[in-house]
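S.K.: Have a look at this prediction, sequence included:
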Amino acid sequence: MSEHYEENRVPLDTVLQGDCRELLKTLPDKSVDLVFADPPYNLQLRGELWRPNLTHVDAVTDAWDKFDSFIEYDRFTREWLFECRRVLKDTGTLWVIGSYHNIYRVGSIIQDLGYWILNDVTWVKSNPMPNFRGTRFCNAHETLLWVKKSEKQTKYTFNYQSLKAGNEDLQMRSDWHIPLCTGDERLKLNGEKAHNTQKPEALLHRIIRACTNPGDVILDPFFGTGTTGAVAKKMGRNWVGIEREEVYAKLAADRITMVVPPLVPDADLPAPLDKPKTKIPFVALLEHGLMQAGDELKLARTNHVAIVQEDGTIVCMNLRGSIHKVGSLCLNKPSCNGWDHWLYQHKQTGEYLPIDNLREPIRKAMATPLNADEPRTQSVVRERKRVRQAIRE
Ligand SMILES: C[S@@+](CC[C@H](N)C(=O)[O-])C[C@H]1O[C@@H](n2cnc3c(N)ncnc32)[C@H](O)[C@@H]1O
């Protein structure tokens, strides 16, 4: 936990205690990769709530969740969301979780500030609290909004392939079935639950896995018990938490100290599934003998034929340039991905295929480690166990 830190630098792996509207202003522009925010819900609960067996229901009635009016709540929401957008990198995204009490107001402010919604995810609670009065449906879900900084933002981390592989090769959906935080995971203070709205680690695990890579920086402006920081550390990410209440800030810092970070992934393991593809320029096809000067390329769905030149340019109808430039001029379009539109004739089958297919063997050769026959997985697993054991001792 830190009260003194250098302004204009992201204080990594630190809990900052105070009001996030003030503290966010001290963080530099475009400095974090992901924001996860679990703001006050502004629950409009009226009166005490009792179970049928006359035990008291421990609902969220904390001072930090109270606002005098919707206007006040909206002003508060606008302030922190504005600052989060400023501190997010241009490749970053933001998640915010809420219930029907606040998520519609938050969503509308998000859009007003220029953010662009990518998904709304429903967290279906497999063990929700019943509606004791029997006057409404049992409220069994919360909503998460996943947003980018603007409509125009083209790059952001979404580990689509590894999420799918981890989900038994099925595309991940926007309905997430995860139980409430209970049992040993629930932090206790003097035998009572320490915080009313501690989120399950499984929820954060999924978000962090989907939207960050090891070494990225995750900011949580409403840190509570530090669930975001604990999971970030477990997954080898950096984190920054802001929490107004001293008791929670301390609890979070102590919780995270006990977390064992993972070992750095072994360089010899196969690359992660969503690793950006190595850039291979067109001329590399000539360098590797996969194509040669004088070869013909056909432009898909047209009669245009281009001739490949030794320097990696192509010539078609007296136009000379890159596969992209000549493609866009022939098609009379502002842009053209030449890798997909120019076709080569397969030597054996005679079939016309996109030239992009020819890049794969080069990528494969570049990615194959020298000792590829030696599987390293077992020794990595053994080494991890040894380090964990050593840290515990
Ligand atoms: C919904 S809880 C977050 C719980 C957290 N996700 C967890 O798993 O423990 C919201 C937290 O924000 C804190 N908070 C409320 N207003 C704040 C503010 N203006 N600045 C910083 N923290 C604030 C509250 O004290 C509370 O701990």
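M.R.: That came through, no problem.
S.K.: Only C-alpha atoms from now on, for both contacts and neighbour counts.
M.R.: Fine.
S.K.: what about the residue nearest to residue 260 when sequence neighbours are not counted, neighbour count?
M.R.: Spatial nearest neighbour of residue 260, excluding adjacent residues (CA to CA, 6 or more residues apart in numbering): residue 234 at 6.2 Å. Using other CA atoms under 10 Å, residue 234 is surrounded by 17 other residues.
S.K.: Now do the same for residue 234: its pLDDT.
M.R.: In the predicted model, residue 234 carries a pLDDT score of 95.
S.K.: going forward can the numbers begin at 31, since that is how I track them
M.R.: Sure, I'll start numbering at 31, so the last one becomes residue 264.
S.K.: my guess is it meets residue 287, correct?
M.R.: No. In terms of CA atoms under 8 Å, residue 264 does not count as a neighbour of residue 287; the distance is 10.8 Å.
S.K.: so the residue of the stretch 281-423 of the chain found nearest the ligand, which of the three states?
M.R.: The minimum distance from the stretch 281-423 of the chain to the ligand, using CA to the nearest ligand atom, falls at residue 282 (8.0 Å). Local secondary structure at residue 282 is given as helix here, using DSSP: H, G, I helix; E, B strand; the rest coil.
S.K.: which SS class is residue 202?
M.R.: Once three-state DSSP is applied, residue 202 turns out coil.
S.K.: Nearest residue to it in space, ignoring adjacent ones along the chain?
M.R.: Taking CA to CA, 6+ apart, and ignoring the residues beside it in sequence, residue 202 has residue 194 as its nearest neighbour in space, at 6.0 Å.
S.K.: Could you do residue 122 as well?
M.R.: Counting by CA to CA, 6+ apart, the nearest residue to residue 122 once its immediate chain neighbours are dropped is residue 63, at 4.6 Å.
S.K.: which residues touch the residue nearest to residue 202?
M.R.: For residue 194, the contact set (CA atoms under 8 Å, 6 or more residues apart in numbering) comprises 200-202.
S.K.: returning to that earlier point: check whether the residue nearest to residue 122 sits in a helix, strand or coil.
M.R.: Once three-state DSSP is applied, residue 63 turns out strand.
S.K.: ok, it to residue 186 distance?
M.R.: 9 Å (CA to CA, to the nearest Å).
S.K.: if you count what's nearby, which of these two comes out ahead?
M.R.: Neighbours per residue (other CA under 10 Å) separate residue 63 from residue 186, with residue 63 holding more: 25 against 17.
S.K.: mind listing what that one touches?
M.R.: With contacts defined as CA under 8 Å, 6+ apart, the neighbours of residue 63 are 118-119, 121-123, 242, 246-248.
S.K.: Residue 69 now?
M.R.: Contact partners of residue 69, counting by CA under 8 Å, 6+ apart, are 126-128, 251-252.
S.K.: Give me the helices and strands touching the longest helix along the chain, please.
M.R.: As far as residue count goes, and with DSSP state H defining each element, the longest helix of the chain is helix 100-117. Secondary-structure packing of helix 100-117 (3 or more CA pairs under 8 Å, 6 or more residues apart in numbering; DSSP states H and E): helix 50-53, helix 133-142.
S.K.: got the angle between the helix or strand following it and helix 133-142?
M.R.: Sequence-wise, the next helix or strand downstream of helix 100-117 (DSSP states H and E) is strand 118-128. Put simply, strand 118-128 runs at 160 degrees to helix 133-142, going by axes from the mean of the first three to the mean of the last three CA atoms, to 10 degrees.
S.K.: Pull the number of nearby residues for residue 373.
M.R.: Around residue 373 there are 22 other residues, counting by other CA under 10 Å.
S.K.: circling back: can you list the helices and strands packed on helix 100-117 in CSV and add mean neighbour count and mean pLDDT?
M.R.: Below are these laid out as CSV (neighbours: other CA atoms under 10 Å; pLDDT from 0 to 100):
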stretch, mean neighbour count, mean pLDDT
helix 50-53, 18, 97
helix 133-142, 17, 98
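S.K.: Quick one: name the residues of the protein near the ligand.
M.R.: The interface of the chain toward the ligand, taken as CA under 6 Å from any ligand atom, is made up of 48-50, 68-70, 94, 227-229, 251-257, 272-275.
S.K.: In the contacts of residue 194, which residue is surrounded by the most others?
M.R.: Of all the contacts of residue 194, residue 202 has the most neighbours under the rule other CA under 10 Å, reaching 16 neighbours.
S.K.: hey, where'd the strands end up in the stretch 131-280 of the chain?
M.R.: Listed in chain order, the strands of the stretch 131-280 of the chain (DSSP state E, counting those that start in this stretch) span 146-155, 171-178, 205-208, 218-219, 222-223, 247-250, 268-273.
S.K.: re earlier: now neighbour count and pLDDT too, for the contacts of residue 69, in a markdown table please.
M.R.: Shown next, in a markdown table, are the contacts of residue 69 (neighbours: other CA under 10 Å; pLDDT from 0 to 100):
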| residue | neighbour count | pLDDT |
| --- | --- | --- |
| 126 | 21 | 98 |
| 127 | 22 | 98 |
| 128 | 22 | 97 |
| 251 | 27 | 98 |
| 252 | 21 | 98 |
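S.K.: Among the residues you listed, which pair sits farthest apart?
M.R.: 128 and 251 (14.3 Å; CA to CA).
S.K.: picking up where we left off before, among the contacts of residue 63, which one sits closest to the ligand?
M.R.: residue 248 (13.2 Å).
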